[in-house]
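>>> here is a sequence together with a model predicted from it:
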Amino acid sequence: MKAFPEDFLWGAATAAYQVEGAYQQDGKGLSIWDIYSHLPGTTYQGTNGDRAVDHYHRYQEDVRLMAEMGLKSYRFSISWPRIYPAGSGAVNQQGIQFYNDLINELLKYGIVPVATLYHWDLPQALQDLGGWENRELIEQFGQYAKTCFEQFGDRVRYWLTFNETINFIMLGYRDGVHPPAVKEERRAVEVSHIVNLAHAQAVLEYRKLVREKSIAEGMIGIAHVLLTGFPISAAEEDARACEWYEEMDFQWFYDPSLHGRYPERLLNYYQERWQAPTILDGDLALIQSAPIDFIGINYYQSTFLAHNPADGVGFAAINVSGKKGSQQESGIPGLFKRVQNPKVAYTPWDWSIYPEGLYQGMKRIQERYGNIPIMITENGLGDKDPISPSGEILDTPRIDYLREHVRWCQRAIDEGVPLFGYFVWSFIDLLSWLNGYQKQYGLVYVDHQNDLKRVKKQSYDWYRQLIQSNGVTL
Ligand code: BGP
């Protein structure tokens, strides 16, 4: 294969709650996940991030492993309650210190830091004030973002405001399986608007600091899920179902970030059905005033859609027995339903393996939003990796998965898609929100029976070679 662009960012990603641990250490406040995961029956076998993989204490070893792999970039998230234990007010200097140390360690090896401000761990203190349903969070998030830009913006040049707004909103407020465990779609729709305003506020804070030359100019964006939709058949009614799905799961989240508005048909649908979201004077102007520099996309799977009669299926209950987001038989009566595609392979968690969907999704982004630079902020395979008698972690299915997706990336670049980075989810085996430690994504294995010892997987070596050859070994 031919080489990728010279400065292509080959990376890997994690998120604070899933790796750090030290959940009550050095002044950190509690997050909604610290509370929620301790409630009975919320996560797989009661697993939580109290200790996670102890990255907080082992970050130097982890960064060394990244450097040895030749990683060009590392995406991590900043824990809001580590910076502001009470959500706002006093800054926790030890929290600042930790991220300063991590960033400096990365830079020591020439690894480019990419920081996400919100990967779902809201300070519990802010949840107690109503969480994302309270408009005060727009200001609070802006303030938290500003603090991060001021503290780290001299060294961090790539920023993501939010990770996957669709997931923490829909799983948290519609399906009730993430905190705050609400099951009211109307409230999910309200929250999606408030979160868009908070995102815009953070982008404006960033622009202001850059304008004032308080920090160097970098790029700011948001990471959205890409769940490319395909009609299951050539039937007209399945195509219409797919259009509705794309509006709900794709455009509703991407349009405000990239067009500064909501898709009209769906906005009318929500207004009629839920009288939501409540859009106040000035809201849309705020969203419009904050264009982003790049879009982050998290791609794992595609979705196949079929027509759903008015008395059809509702949302699938997402359980904690190990399967999150099983695509079968969930949907909206009258609009669409998700179905399994018999021609496509599925992971043990029923996620479709469809590398072409990544390419098609990027083409759709380009078609709808023009040449916005794209960073693939997550892509990876959740699996149970066997271990050989000699202790080797056998994860060739992960290598196959990654290779095929990277191939489609190359084709997209060849055809003019402005893709500039690719981040494997995840750098290391970490806590899967609802699935504990049994659903592995990492290039590095963590032995929970042996003091969290790190072991390189086959995929670690494969990725190292890929990076070294800049894609040529494909
Ligand atoms: C994304 C999240 C990640 C990660 C990944 C895998 O939605 O941004 O944090 O968890 O999905 O999901 P899971 O662990 O549920 O398999």
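Arrived safely. In this text the structure is predicted, and so the values were computed from the model without any measurement.
>>> show me what the residue in the stretch 351-474 of the chain positioned nearest to the ligand is bridged to.
Nearest residue of the stretch 351-474 of the chain to the ligand, counting by Cβ to the nearest ligand atom: S432, 3.1 Å away. All C-beta spots, glycine's among them, are computed from the backbone N, C-alpha and C. S432 has these beta-bridge partners by DSSP bridges: G436.
>>> how about it, what does it touch?
For S432, the contacting residues are Q18, Y44, K324, G382, Q438, K439, Y441, by Cβ atoms under 8 Å, 6 or more residues apart in numbering.
>>> how far away is the fifth one from Y44?
Right, the one you point to is Q438. Distance of Q438 to Y44, given as Cβ to Cβ, to the nearest Å: 7 Å.
>>> re the thing from before, per-residue confidence for the residue of the stretch 351-474 of the chain closest to the ligand?
Looking at S432, its pLDDT reads 96.
>>> identify the farthest-apart pair in the contacts of S432.
Across the contacts of S432, the longest distance by Cβ to Cβ is 14.7 Å; it joins Y44 and Y441.
>>> rewinding a little: would you list the buried entries among the contacts of S432?
Q18, Y44, K324, G382, K439, Y441 (16 or more other Cβ atoms under 10 Å).
>>> look up the closest residue to the second one, ignoring the ones flanking it.
The reference is to Y44. G436 (3.9 Å; Cβ to Cβ, 6 or more residues apart in numbering).
>>> number of nearby residues for that neighbour?
Per other Cβ atoms under 10 Å, the neighbour tally for G436 reads 17.
>>> still on that earlier bit, for the buried ones among the contacts of S432, which one is nearest Q468?
Lowest distance from Q468 to these (Cβ to Cβ) belongs to Y441, with 22.1 Å.
>>> that closest one against G380, yeah?
Yes - assessed by Cβ atoms under 8 Å, Y441 is found in contact with G380 at 4.7 Å.
>>> what touches both of those two?
W425, S426.
>>> and the stretch 301-450 of the chain, which of its residues are near the ligand?
K324, E378, G382, W425, S432, W433, L434, N435, K439 (Cβ under 6 Å from any ligand atom).
>>> in the single longest helix found in the chain, which residues are buried?
When the chain is parsed with DSSP state H, its longest helix is helix 185-211. Going by neighbour count (16+ other Cβ under 10 Å), the buried part of helix 185-211 is 185-206, 209-210.
>>> list the contacts of the helix or strand of the chain with the lowest mean pLDDT.
The weakest-scoring helix or strand in the chain, judged by mean pLDDT, DSSP states H and E, is strand 330-332 (a mean of 90). The list of residues contacting strand 330-332 from outside it, by Cβ under 8 Å, 6+ apart, reads W244, Y245, M248, L305, N308, G312, V313, G314, F315, A316, K337, R338.
>>> any idea which of these has the most stuff around it?
Most surrounded of those: other Cβ under 10 Å gives L305, at 29 neighbours.
>>> so what touches the helix or strand hosting that one?
Using DSSP states H and E, L305 sits within strand 303-306. Residues from elsewhere that reach strand 303-306 (Cβ under 8 Å, 6+ apart): 227-233, 238, 241-242, 245, 249, 327, 331, 336-341, 344, 352.
>>> ok, for R464, nearest residue in space, not its chain neighbours?
Closest to R464 by Cβ to Cβ, 6+ apart is M69, at 4.7 Å.
>>> tell me the pLDDT at that neighbour?
So M69 comes in at 98 (pLDDT).
>>> please apply the same query to L160.
So, for L160, pLDDT stands at 99.
>>> the one 5 residues further on too?
The pLDDT attached to T165 in the predicted structure is 97.
>>> my read: it touches D249, true?
No - under the criterion of Cβ under 8 Å, T165 makes no contact with D249, lying 11.4 Å away.
>>> neighbours of the residue lying closest to I353 once chain neighbours are set aside, just the number please.
In this structure, I353 finds its nearest non-sequential neighbour in A345, 4.6 Å apart by Cβ to Cβ, 6+ apart. A345 has 11 neighbouring residues, counting by other Cβ under 10 Å.
>>> quick one: D154 and A216 touch, right?
Yes - D154 is in contact with A216 according to Cβ under 8 Å; the separation is 6.3 Å.
>>> which ones among the contacts of S432 are found in helices?
Q18.
>>> tell me which of the contacts of S432 is nearest to G421?
Distances from G421 to the contacts of S432, taken as Cβ to Cβ, are shortest for Y441 (18.0 Å).
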